[in-house]
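Asker: My questions concern the predicted model and sequence given below.
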Amino acid sequence: MSARRTGLPRDTRLLLGTRAARSVGQGALIVAFALYLDALGWGAPAIGALFTAGLLFDAVLVIASGPLSDRFGRKRFLLCYECVQVVAALLALSTAATPLLVLAALFGGFGRGANGSSGPFAPVELAWLSQPLAASARGSVYSLNMALGFGGMGLGALLAATPTLFSTWLPGALSFRPLFGLVLIGALTCLLLISLARDRPPIFSTDSAQSVQDDHDDNRRENSLLLRLMGINALNGVAIGLVGPLMAYWFALRFGQGPEDIGPVMALAYGVTAVSSIGAGRLVRRTGVVRAVVWMRSLGLVMLLLLPFMPSFWMAAVLHIARSALNRGSAGARQALTVSLVRPHRRGTAASTGSAAIQLPRAAGPLFAGLFFGAGYLATPFYIAAGFFAAYIYCYQRTFKAYDPNRNFPA
């Protein structure tokens, strides 16, 4: 679409396109990858351990990628990421040998649910997306970015039901293998779109003793905010790790359902979340970022507490869909606040800090959830996660209400 029709700059539209292209394969694998490993004979603790290792690997790259992109630009990091995705997808398509599959999963991010982002390079992408946008526009554009990701994830999750169709020609675990082709197609598309986008990072310099002192003072203020962001996001990360990556696996264990039932449920969850993300962008304009996040996450918390009590698969599925829409639908608004805490030349660092603070504690979640599941305690991870989510909501509201980028909203 033209900038006149969308009101968005050309480079913004190209980056939004990469989000959509990437998300389809990710959506398929967040449903199917754990089930694929199960079909290969992996146990719950081993599956959880692989997810944990992958999240730790991502966290290390997240810590480094944002600050480095502030210094060297954004484009080369994302081009490198997509090349790695191509190799990982080809590897997973060609073999199920454990060492090679583990390598492909670690580097490809299979099943970890990045919602269409570039995984450990998501901070780079968020910083690049913010370049041409005014602060007041970021909430709605970032919400649109998340909506495109969730919409693509929903389509991918729906396609995750196709192994039952392939099973006639590809018996057993082989029926899951074609889904890695979606990752390959998405990565090749992203390589094209990213190559067309222009990276214009802000230039920052200090030309006088006074500006050096001002920069030092600004850095201290921003670093203090980023430290608080890290602590608060860590609470969120622990909770997400306990209930996010193995959600499809929980449905399989709790109700005995297969991908033909779980896939459509996850697809609908992502589709509704995409609509919720658009709604969150509008809510941000009316109430501000912080209020929108607190309201949506609080309702999601109530639904998380109710989820383990659901007596049937379809009742649990409906509650999961509603909870996903509320919890994940606020992600774009939260990202907009994160990049607004600092000056333009430090946005990669801010996004990296916020993401790493989620990723590191999130990495432990699948391992512990897998251990609980393996021992038969299917509800325990939900209760623990609810406590961390409650602490996150309280601290987020107390800390960031004064830094809302949409402060000038009606009371």
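Answerer: On my side now, so go ahead.

Asker: contacts and neighbour counts: CA atoms only from here.
Answerer: OK.

Asker: Low-confidence regions, the stretch 151-300 of the chain specifically.
Answerer: 201-215 (pLDDT under 70).

Asker: change it to 80
Answerer: 164-168, 200-217, 245 (pLDDT under 80).

Asker: where do the helices sit along it?
Answerer: Remark: helices assigned in the stretch 151-300 of the chain by DSSP state H, counting those that start in this stretch are 163-166, 180-196, 209-243, 247-255, 259-287, 289-306.

Asker: Pipe those into CSV and attach distance to residue 40 per row.
Answerer: Formatted as CSV, these follow (distance: least, CA to CA, whole Å):
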stretch, distance to residue 40
helix 163-166, 14
helix 180-196, 16
helix 209-243, 23
helix 247-255, 14
helix 259-287, 15
helix 289-306, 31
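
Asker: Just name the most buried of the ones you listed.
Answerer: helix 259-287 (a mean of 24; mean count of other CA atoms under 10 Å).

Asker: Mind giving me the packing neighbours of that helix?
Answerer: helix 10-39, helix 135-159, helix 163-166, helix 247-255, helix 289-306, helix 313-328, helix 331-340 (3 or more CA pairs under 8 Å, 6 or more residues apart in numbering; DSSP states H and E).

Asker: repeat that for 7 Å
Answerer: Counting contacts by 3 or more CA pairs under 7 Å, 6 or more residues apart in numbering; DSSP states H and E, helix 259-287 packs against helix 135-159, helix 289-306, helix 313-328.

Asker: want to try a markdown table for those, with distance to residue 116 as columns?
Answerer: Listed next are these as a markdown table, based on distance: least, CA to CA, whole Å:
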| stretch | distance to residue 116 |
| --- | --- |
| helix 135-159 | 5 |
| helix 289-306 | 21 |
| helix 313-328 | 13 |
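
Asker: Can you say which of those helices is nearest to residue 72?
Answerer: Residue 72 lies closest, by CA to CA, to one member of the helices and strands packed on helix 259-287: helix 135-159, at 23.2 Å.

Asker: Residue 151 touches residue 271, doesn't it?
Answerer: Yes: between residue 151 and residue 271 there is a contact at 5.1 Å, judged by CA atoms under 7 Å.

Asker: what is in contact with these two at once?
Answerer: Overlap of the contact sets of residue 151 and residue 271 (by CA atoms under 7 Å, 6 or more residues apart in numbering) is empty.

Asker: follow-up on the earlier one: to residue 169, which of the helices and strands packed on helix 259-287 lies closest?
Answerer: Between residue 169 and the helices and strands packed on helix 259-287, the tightest spacing by CA to CA is seen for helix 135-159, at 17.2 Å.

Asker: Return the angle between stretch directions for the closest one and helix 289-306.
Answerer: Orientation note: helix 135-159 sits at an angle of 30 degrees relative to helix 289-306 (axes from the mean of the first three to the mean of the last three CA atoms, to 10 degrees).

Asker: Contacts for helix 135-159, please.
Answerer: 16, 19-20, 23-28, 31, 115-116, 130, 263-264, 266-271, 273-275, 277-278, 280-282, 284, 332-333, 335-336, 340, 405-406.

Asker: Same question for stretch 43-59.
Answerer: Taking CA under 7 Å, 6+ apart as the rule, stretch 43-59 contacts 34, 106, 109, 112, 119-120, 356, 359-360, 363-364, 366-367, 370-371, 373-374.

Asker: Apart from its neighbours in sequence, what residue is nearest the residue nearest the centre of the chain?
Answerer: Residue closest to the average C-alpha location in the chain (CA atoms, centre = their mean): residue 114, at 3.6 Å. Closest residue to residue 114 apart from its sequence neighbours, by CA to CA, 6 or more residues apart in numbering: residue 26 at 7.0 Å.

Asker: burial of the one you found, as a residue count?
Answerer: Residue 26 is flanked by 34 other residues according to other CA atoms under 10 Å.

Asker: Of the helices of the stretch 151-300 of the chain, give the one that comes closest to residue 88.
Answerer: Among the helices of the stretch 151-300 of the chain, helix 180-196 comes nearest to residue 88, with 8.4 Å by CA to CA.

Asker: between that closest one and helix 135-159, how big is the angle?
Answerer: Using the same axes, to 10 degrees: helix 180-196 against helix 135-159 is 150 degrees.

Asker: relative to helix 10-39, how tilted is helix 180-196?
Answerer: 160 degrees.

Asker: Counting by contacts, list what helix 180-196 packs against.
Answerer: Partner elements for helix 180-196 (3+ CA pairs under 7 Å, 6+ apart): helix 10-39, helix 75-94.

Asker: Same list, those helices, but as TSV with distance to residue 141 and mean pLDDT please.
Answerer: Output for these, formatted as TSV (distance: least, CA to CA, whole Å; pLDDT from 0 to 100):
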stretch	distance to residue 141	mean pLDDT
helix 10-39	9	93
helix 75-94	20	95
